[in-house]
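# Predicted model, plus sequence, below.
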Amino acid sequence: MINQQRKNIKTGLNVAVVKKEHQRSGELTCGIVKRILTKSTIHPHGIKVMLETGEVGRVQKIMQED
């Protein structure tokens with residue numbers, strides 16, 4: 001549930017996301033948050049972010065916290 005709240009996601013955080021094309025398989029991509037794209041405070045499928053690599057996906061796990 002922590003990945004569904006925008007307040008828990010910060011730029012520079014190491015996260016695992018699921019990209020749109022991998023939603024069915026659930027394949028995760030790890031990276032560092034560059035931008036937070038979801039404007040709402042909560043999203044049931046995870047907060048959408050852009051990674052430093054330019055990949056976009058919804059946060060499924062926070063790998064490390066500050």
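Now that the structure is in, tell me what you want to look at. Because the structure is predicted, anything quoted here is derived from the model rather than measured.
# K39 and V17: what is the separation?
Per CB to CB, to the nearest Å, K39 is found 17 Å from V17. Using the backbone N, CA and C atoms, a C-beta is placed for each residue, glycine as well.
# And the two? Which one has more around it.
Shown here are K39 and V17; by other CB atoms under 10 Å, V17 has more neighbours (24 against 9).
# Okay, and the beta partners of the most centrally placed residue in the chain?
Against the mean C-alpha coordinate of the chain, by CA atoms, centre = their mean, the closest residue is V59 at 2.4 Å. Taking DSSP bridges as the rule, V59 bridges to V17.
# And stretch 32-49, what's buried?
The neighbour-count check on stretch 32-49 (16 or more other CB atoms under 10 Å) flags 33-34, 36, 38, 43, 46-49 as buried.
# Correction: the previous question concerned stretch 52-65.
The neighbour-count check on stretch 52-65 (16+ other CB under 10 Å) flags 56-59, 62 as buried.
# With distance to L13 and pLDDT added, can I get these in TSV?
Formatted as TSV, the buried residues of stretch 52-65 follow (distance: CB to CB, whole Å; pLDDT from 0 to 100):
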residue	distance to L13	pLDDT
V56	15	97
G57	14	97
R58	14	97
V59	9	96
I62	6	94
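# Format these as CSV; extra columns: distance to N8.
Below are the buried residues of stretch 52-65 laid out as CSV (distance: CB to CB, whole Å):
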residue, distance to N8
V56, 18
G57, 16
R58, 13
V59, 9
I62, 7
